[in-house]
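A.B. asks: the following comprises the amino acid sequence and a computationally predicted model.
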Amino acid sequence: MNTIDKSGVSVEEIIRDFRNEHSIRDHELKYEILKKPSRGFFGLFANKLALVRFQLPESSDRVRLFTETLLGKMGISFSNIKAKMEGKTLYLSIEGVVETGFVIGKNGSMLETIQYLVNRVFEGDRKLERIYLDADGYRERRESQFLNKFLPQINKIKIHGKALTLDPMSPGERRIIHRHVERDKGLRTLTIGEGEQKRIVIFSSKQKESEVLQQSKQENGSAVKASRPTKPRPRKENGPKLDSTPEAKEAESKAPAKPERQNRPQRPRKPRPPRTPKAPEKAEK
């Protein structure tokens with residue numbers, strides 16, 4: 001732990017400012033009051049400043065303490081949690097778990113959920129990039145079985161220097177590949193694609209990402225075109241469809257011809273009767 005001394009007008013103000021500055025929670029706060037502000041005797045020899053010494057825990061200690069508190073609230077019994085720091089990656093291992101099946105969950109689902117929650121809580125810590133959580137060596141055994149399928153291909157990258165694009169994987173499987181390659185300084189990883197089609201590209205650290213991306217786009221583009229050949233669309237014809245088989249033509253020739261439609265004669269119009277002129281009205285006498 002790091003020791004930090006802070007001074008201020010009051011002890012409460014010093015503690016409040018320290019918690020906000022370092023994002024310290026109540027269960028992480030450890031301090032010692034060295035001096036309290038005093039008014040003195042008749043205003044003489046007054047000490048207006050307070051001095052507090054804080055014990056600032058390391059990032060690994062904070063994550064470990066938070067995980068212990070979280071598992072305790074979940075009712076999970078265990079012996080201890082080991083923390084190991086590699087660069088900005090923290091590895092936590094829960095040991096002596098009583099109910100291992102509950103902590104791990106189906107296919108590691110519960111362990112993934114707890115790990116995701118811990119990463120979200122400490123995502124603002126600049127000293128940490130990733131936090132991996134394991135329980136009684138479950139992840140270590142699973143990762144070794146999963147990686148055995150890709151180790152021969154990964155080792156060939158160091159010899160030939162050609163980038164390797166893997167098939168689409170789940171987020172958990174991609175993290176296993178990333179974690180393994182991170183430990184090798186001669187290799188790097190890159191993620192391409194979207195959604196369920198995300199893939200990992202493993203390449204030599206001597207190569208540039210732009211070159212690897214261009215090469216990967218060319219390979220994936222040609223594969224997509226080959227798997228989806230384009231077929232010519234049939235042209236749409238106006239009018240009814242005609243059968244062009246010989247049988248249809250012979251039947252059409254033997255069929256009786258349809259009688260032509262004759263025009264009906266128009267009826268003569270009756271002449272209108274002539275209008276009779278009205279008789280002139282007699283003038284009144």
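C.D. replies: Arrived safely. Being a predicted model, the structure only gives us computed values, none of them experimental. Numbering: from 1, shown residues only.

A.B. asks: mind listing the strands for the stretch 51-200 of the chain?
C.D. replies: 80-86, 89-95, 130-135, 164-165, 187-192, 199-204 (DSSP state E, counting those that start in this stretch).

A.B. asks: which residues sit against the third one?
C.D. replies: Same thing as strand 130-135. Residues outside strand 130-135 that contact it (CB atoms under 8 Å, 6 or more residues apart in numbering) are 63, 67, 88-94, 97, 100, 103-104, 111, 114-115, 118-119, 122, 139-140, 179. Any C-beta I mention is one placed from the backbone N, CA and C, and that applies to glycine too.

A.B. asks: can you give the domain ranges for the protein?
C.D. replies: Domain assignment for the chain by automatic domain parsing gives 2-57, 60-143, 149-225.

A.B. asks: and the strands of the stretch 51-200 of the chain, which is most packed in?
C.D. replies: strand 130-135 (a mean of 22; mean count of other CB atoms under 10 Å).

A.B. asks: just want the angle from that strand to strand 80-86.
C.D. replies: 150 degrees (axes from the mean of the first three to the mean of the last three CA atoms, to 10 degrees).

A.B. asks: where does the stretch 151-285 of the chain dip in pLDDT?
C.D. replies: Applying pLDDT under 70 to the stretch 151-285 of the chain flags residues 218-285.

A.B. asks: so which of the contacts of strand 130-135 sit within helices?
C.D. replies: 63, 67, 100, 103-104, 111, 114-115, 118-119, 139-140, 179 (DSSP state H).

A.B. asks: name the nearest of the residues you listed relative to residue 157.
C.D. replies: Set against residue 157, the nearest of those by CB to CB is residue 179 (16.8 Å).

A.B. asks: quick check: that closest one vs residue 19, distance?
C.D. replies: From residue 179 across to residue 19, the span is 33 Å (CB to CB, to the nearest Å).

A.B. asks: that'll do, ta.
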